[in-house]
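Visitor: Below: sequence and its predicted model.
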Amino acid sequence: MAHRNMAAPVANVQRALTAFGLQDTVRVFSTKVPTAAAAATVLGCDVAAITNSLVFTLDGGPLLILASGAARVDTSLVAGRLGTGTIGRASPEFVLEHTGQEVGGVAPVGHPAKIRTLLDESLAAHPILWAGARDHHSMFSITYDELKLITEAQELRVR
């Protein structure tokens, strides 16, 4: 693990954690961890404990789904469960506009404005989760209940 200057985006995640009275668990790595598989390898954990922060479009706005790295989100299932219209894939530009973060490093917190968030119920099976911390080199650990608290997410089966 490299020690490098924490950029402002990562500091936003640290502030979000400590604002809720949680420990700053951000870890910065010398290698990039832009995918769940890469993160699981570096962390030595199950890929299912990696929390992907996936941005979709819904009615013209963003929808953030915090999903296990072990499976793909079924957007038709999610739309049906929510009783909404079509959930679409967001472009990298849309993701950057609404999160202030690039695809592959999106954190579940630290966005410019509140984003409607869903939390994959399957993540509750893991005592410790790992999520991106706003860049391609950083991750933080958190429990399912803590993640639900700081994101104000709605729990939902997403696959």
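Guide: That came in fine, so what should we check first?
Visitor: from here on, contacts and neighbour counts on C-alpha atoms
Guide: Fine.
Visitor: which residues of the protein fall in helices?
Guide: 8-19, 36-43, 75-82, 92-99, 144-151 (DSSP state H).
Visitor: Now distance to residue 55 too, for those helices, in a markdown table please.
Guide: A markdown table is the format used below for those (distance: least, CA to CA, whole Å):
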| stretch | distance to residue 55 |
| --- | --- |
| helix 8-19 | 17 |
| helix 36-43 | 15 |
| helix 75-82 | 11 |
| helix 92-99 | 6 |
| helix 144-151 | 14 |
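Visitor: By mean pLDDT, show me the worst of these.
Guide: Of all the helices of the chain, the minimum mean pLDDT falls on helix 8-19 (a mean of 87).
Visitor: tell me which residues of it are tucked away?
Guide: Applying a neighbour-count criterion of 16 or more other CA atoms under 10 Å, one finds 9-17 buried in helix 8-19.
Visitor: now residue 24: how far from residue 141?
Guide: 9 Å (CA to CA, to the nearest Å).
Visitor: Any idea how far apart the tips of stretch 96-106 sit?
Guide: So stretch 96-106: terminal residues 9 Å apart, CA to CA.
Visitor: Just the CA atoms of the lowest-mean-pLDDT helix or strand in the chain, as CSV, please.
Guide: Using mean pLDDT, DSSP states H and E, the weakest-scoring helix or strand in the chain turns out to be helix 8-19, at a mean of 87. Only the C-alpha atoms of helix 8-19 are listed here, as CSV (Å, rounded to 0.1, in the frame of the first residue of the first chain):
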residue,chain,number,x,y,z
ALA,A,8,-9.7,16.2,-2.3
PRO,A,9,-12.2,13.6,-3.6
VAL,A,10,-10.9,10.9,-1.2
ALA,A,11,-11.0,13.5,1.6
ASN,A,12,-14.7,14.0,0.8
VAL,A,13,-15.3,10.3,1.6
GLN,A,14,-13.3,10.5,4.8
ARG,A,15,-15.4,13.5,5.9
ALA,A,16,-18.6,11.7,5.0
LEU,A,17,-17.5,8.7,7.2
THR,A,18,-16.4,10.8,10.2
ALA,A,19,-19.5,13.1,9.9
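Visitor: Geometrically speaking, which residue is the centre of the protein?
Guide: For the chain, the residue nearest the mean C-alpha position is residue 53 (2.8 Å; CA atoms, centre = their mean).
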